[in-house]
Each structure stands twice: as structure tokens, then as C-alpha cells.
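In: Here's my sequence, what's the structure:
(one chain, ligands or ions: 1)
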Amino acid sequence: MGKSREEEHHAFLKWLLEILEHENIDLLIVAGDVFDTGTPSNYALELYYNFLTKLATSSCSHVIIIAGNHDSIATLKAPKQLLKALNVHVITSGDENENEVIEIHKGGRLEAVVCAVPFLRDYVVRQSMSGETMNDKESALTQGIKGHYIKVYAEAKELCADQDIPLIATGHLTTVGGRSSESERDIYIGGTLDIGSDFLGKYFDYVALGHLHINQKIGEEHVRYSGSPIPLSFSESTSKKRVNIVEFDNKDLSVREIDIPLYRPLLVIRGDLDSILSELGQIENKETWIEVHLSDDNPFYANQSIREKSEELGLIILAVKIDKTEASLSRKSLNVISLDELNPLDVFERRLEQDNLEDEGLKEALLLQFKTVVNEVEQS
Ligand SMILES: [Mn+2]
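Out: Residues are numbered from 1 along each chain as shown. Presented below is the predicted three-dimensional model:
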């Protein structure tokens, strides 16, 4: 929506450094989607490197960063060797040439082994599809990903030998039972993953997951998403952002969720014109970013009044959306408010709608094709 999140990123990383010091953290895991785009801006790159440099001189002596579906492999990979000198392990693709099994030493002793599995792209999944332990009913995708985890688990197990140390895994995927916030992208096209805590949880003592934006545990205490550090859409405006602090006493685990201070609130308000105007009048924090969901008989007039009122009050409204039922009634007067609110898939769906296609199968095939193309563009 044309707004920078730079201040929020700064505030979060500053807070995170303090927490890492204060809690005496040995290992920081970042479970993917370091950047939102394959070509991050200069300020974002600078922030990333500055943060890692500061970490190198802190008490947190190990960092593991995996690539998510939004990250460009090339961008993360370029400084990989350099960062390794700072004890920062960056795992980008998980292909045959990349070692994902990382030993965590402290005071000369092996303290833990991490299977740092990144978002597995199609070509990597295909490499592990010949897994022998799978049953025929599972999709090839699920089989490939499970096969990959079993392979790294076996490697890690060998490193542990008979030592009683924690085995940790990472992952960047949607697991069965995970709650999404509607702003995450479908990452595997044309296939639903059948991977849950029963699978991941049985191999590993802790599983640090990324991709879903909501902090949550999946089925078991030791399979968790950290969630995103800042709300990434208005649908996340009421969910608390957190980091997970995981403590091991040999293999005994305890997890604490720590709230990340909210630098800039997001707020969704709903209703007709009168109720929205009165709610706007009560907003105290002028830094709040606001999204309005309008249900009003005269949305065009209401939209204008809301914009004028917010200007008068010095408030920042990022979007006024017409509630769906109202939208269909008033399609002629106010079709789409702003292209900023739509993602490419929304635009394509709207275009499809105009054609009134009767063949549902054709419609689905077109959608699937479109998603595949978008995915290819985003991953290139
Ligand atoms: Mn992701």
C-alpha cells in the first residue's frame, strides 16, 4: 500500500538484540522469509548485515537462517561464505550441494544438532522422491518432503552417536492443522501437503517452523511457528506477535513465548458511515494504520466523508473496502477502490469473472496455470 515498514523493522531488530543478550541465547533460528522479495531494497540489506554483525559480537554465538519461499536463493547465497566466518549459517535450497546438518558446539562440546531445512523448491523435492518408506496414497510432493526430512534426520542421528543431545529441525511450509492469516501465499502449486506434527514431531526434539504468520504450536509442545515479527496484513491486526524461547536441559524442553512490542498498531474498523466516523474520533494513536470495511447504502459518499474526516483528525487510512454484500449491490457506482489492495491472483480472478465461464473445470485449470506462472516469476 505504498508505505514503508522500515521503522518497524529497526525497532524489532533492536529489541531482538536486547532479548538475545538478556536471555543469554546460544542459538538464533530464523525460519525463512528474511525478505519479502527476491530483490530486497538497499536499506533492508543494510539492516540485515548490520544486525548479523552486531550478533557476532554478542553472547549469541550461533545463527541459523533458512530461505523461505519469498527469499531469492541467489540473494541469500551470495554472502554465505563470508557470513560463515561470523558463525552465521545460511541454508538456501537444501539441494545436494548444500549441507543442512549443523553442529552446535559450546565450550568444545557438541550441544545440539540442527537439521536446517529451508523451503524446499520443486527441483529439490524431486531429488528425494525415491524415498522407499512411503506409501502409494501420498502425493509425490508430500513424499518428497518427508523423504528429505528422513534423510537429514539420519545424518544428524549419526553425528549425535549415542550422546543425549537435542535434535532440532527447521522448516518453511504449511503443516496440517496450522492456522493461516490469509496473507500467506500458497507455496506448493497443485498439491496439498499432508505433513503435520505427528510426522515432524516424532523425529525431532524441537521443530522451528516458518511461513505461517501467526505464532502457534502445531499439535505438540515442540512443533511451533514463530510467526512474523510484525503484522503483515490487516487480517493480523489482532494477533500477538511473538518469538519463541526454547530451553533444553539435555533433552527436556521448555518453551516460552515472548511478546514483541508493537511499534505501529494496525486497526480494522467495520460498520456504516455513522459508526465509522464515531470510531475514527476515538483513535488516540495517530501512528495507527487503519483499514475501513464499509457497509453503507451509499458507499461512494461514505468513502468521501471518511477520507475527509480522517484528514481533519490527522489519521492514516490505508484502505476503504466495501463489504462484499454491499459491493455486489453497488458494483456500478464503485467497482474497485484501489489496485493496491489486490494481489495478482485477485486481478486474474476478477478478469475471469467478467468472462462468465460456465466450464468450472476450465476455470480451475486457468487459475492453476496462472498460479504456476506467478510462482515461477516470484522464484526466479
Ligand atoms: Mn513463506
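
In: Nearest to the ion: which residue in the stretch 251-380 of the chain?
Out: residue 378 (10.8 Å; CB to the ion). (Each C-beta comes from the backbone N, C-alpha and C, glycine too.)

In: give me phi/psi at the spatially closest residue to that residue that is not a sequence neighbour?
Out: With CB to CB, 6 or more residues apart in numbering as the criterion, residue 378 has its nearest non-adjacent residue at 7.0 Å, and that residue is residue 38. Residue 38 has phi and psi values of phi -70, psi -20 when expressed as degrees, to the nearest 10.

In: cool, and the one 10 residues further on?
Out: Dihedral angles of residue 48 (phi, psi; degrees, to the nearest 10) stand at phi -60, psi -50.

In: how about it, what does it touch?
Out: Residues in contact with residue 48, defined by CB atoms under 8 Å, 6 or more residues apart in numbering, are 34, 35, 40.

In: Just say helix, strand or coil for the second one.
Out: In terms of secondary structure, residue 35 is coil; the call rests on DSSP: H, G, I helix; E, B strand; the rest coil.

In: Please work out how many residues are found near it.
Out: Neighbourhood size, residue 35 [other CB atoms under 10 Å]: 18.

In: And the last one, by the same measure?
Out: Counted by other CB under 10 Å, the residues lying close to residue 40 total 19.

In: host element of it?
Out: Using DSSP states H and E, residue 40 maps to neither a helix nor a strand.

In: quick check: domain ranges of this structure?
Out: Under automatic domain parsing, the residue ranges defining each domain of the chain are 6-259, 265-341, 344-380.

In: I'd guessed the residue nearest to residue 378 sits against residue 77; true?
Out: No. Applying CB atoms under 8 Å as the test, residue 38 and residue 77 come out as separate, 11.9 Å apart.

In: returning to what we had before: give me whichever of the domains of the chain is most buried.
Out: Of all these, domain 6-259 carries the top mean neighbour count, a mean of 17, counting by mean count of other CB atoms under 10 Å.

In: What average pLDDT does that domain get?
Out: Taken as a whole, domain 6-259 has a mean pLDDT of 90.

In: and this structure, which residues reach the ion?
Out: Residues of the chain lying near the ion by CB under 5 Å from the ion: 33, 68, 69, 211.

In: Pull the contacting residues for the residue nearest to the last one when sequence neighbours are not counted.
Out: Of all residues not flanking residue 211 in the chain, residue 172 sits nearest, at 5.0 Å (CB to CB, 6+ apart). Shown here is residue 172, whose contacts under the criterion CB under 8 Å, 6+ apart are 31-33, 66-69, 117-120, 187, 209-211.

In: do residue 50 as well
Out: Neighbour list for residue 50: empty [criterion: CB under 8 Å, 6+ apart].

In: What values do phi and psi take at the residue nearest to residue 205 when sequence neighbours are not counted?
Out: Nearest residue to residue 205 in three dimensions, chain neighbours excluded: residue 166, at 4.3 Å (CB to CB, 6+ apart). The phi and psi torsions at residue 166 (degrees, to the nearest 10) take the values phi -70, psi 140.
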